[in-house]
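Asks: Next one to model:
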Amino acid sequence: MAQKDDVLKKLDIEPNNKKSDELFTHTYYQGIDVEIGNIKKYLTYVPAQDKNKKFLETKLTDLVTVDNIPQFTYDRLIRRAKTVDVIWFNERQMPCGFYEIEHTTDIKNSLSKFYKLQDFRADFSIIADSNRKEQFLDIISASMYNPIRDYVRFISYDSLIKQYAKERIVLDDEL
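Replies: Model (predicted):
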């Protein structure tokens, strides 16, 4: 029991605390997404408010490859992009992937961000527990999302973990 308490303390998790659990889950999957982007050799970014949160025992700021978001477009769009949970940038510092982790928050907020950023040639992904896929499909089917429907995909936590494992194997084989 003492080991479990030590691990929870290292990760800043309070046992039986819903808010603490949500924060851990969000940051955990955010960290995995950053790691995948890094393995794929993309520049990776997380919002300023998330940089000091821990992915396992490492702060996200120590995982991302850019401290400040590249100035890839107009200021008003940059301000919106800065709130996306994880962004991958290609070698030209243009966004190629926008990722929102939706553990308990409203999927519509993420889709609103994607709607505003739709003119970029990038992937848009909602990452959430598989039990939220139906909710995602219901929301994305609204006519207001017609312009982005074909560009937004749902990624379950399990799929993200499998992708991470696959990327790690490829990385290990290259080393």
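Asks: Helices of the protein, start to end?
Replies: 2-10, 18-39, 75-81, 107-116, 133-140, 157-174 (DSSP state H).
Asks: of all those, which lies closest to K54?
Replies: Across the helices of the chain, K54 has its closest neighbour in helix 18-39 (6.5 Å, C-beta to C-beta). (Glycine included, C-beta is placed from N, CA and C.)
Asks: just to revisit the earlier point, least reliable of the helices of the chain going by mean pLDDT?
Replies: Note on those: helix 2-10 shows the lowest mean pLDDT, a mean of 47.
Asks: Throw the helices of the chain into JSON lines and include distance to K53, thanks.
Replies: Output for the helices of the chain, formatted as JSON lines (distance: least, C-beta to C-beta, whole Å):
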{"stretch": "helix 2-10", "distance to K53": "13"}
{"stretch": "helix 18-39", "distance to K53": "4"}
{"stretch": "helix 75-81", "distance to K53": "19"}
{"stretch": "helix 107-116", "distance to K53": "18"}
{"stretch": "helix 133-140", "distance to K53": "24"}
{"stretch": "helix 157-174", "distance to K53": "17"}
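Asks: which one of those lies closest to D150?
Replies: So among those, helix 133-140 is nearest, using C-beta to C-beta, at 10.0 Å.
Asks: list the helices and strands that closest one packs on?
Replies: In terms of contacts (3 or more C-beta pairs under 8 Å, 6 or more residues apart in numbering; DSSP states H and E), helix 133-140 is packed against helix 107-116, strand 152-156.
Asks: Indicate which one of the ones you listed is closest to Y145.
Replies: Nearest to Y145 among the helices and strands packed on helix 133-140 is helix 107-116; the distance by C-beta to C-beta comes to 6.0 Å.
Asks: Now I39: closest residue in space that isn't a chain neighbour?
Replies: Using C-beta to C-beta, 6 or more residues apart in numbering and skipping residues adjacent in sequence, the residue nearest I39 is E167, 4.5 Å away.
Asks: hang on, the earlier thing: could the helices and strands packed on helix 133-140 go into TSV alongside distance to D138?
Replies: Formatted as TSV, the helices and strands packed on helix 133-140 follow (distance: least, C-beta to C-beta, whole Å):
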stretch	distance to D138
helix 107-116	9
strand 152-156	12
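Asks: Between the ones you listed, which one is closest to I139.
Replies: Comparing the helices and strands packed on helix 133-140 by C-beta to C-beta, helix 107-116 comes nearest, at 5.3 Å.
Asks: Centre of the chain to that closest one, how far?
Replies: Relative to its chain's centre, helix 107-116 lies at 14 Å (C-alpha atoms, centre = their mean, to the nearest Å).
Asks: Brilliant, that's me finished.
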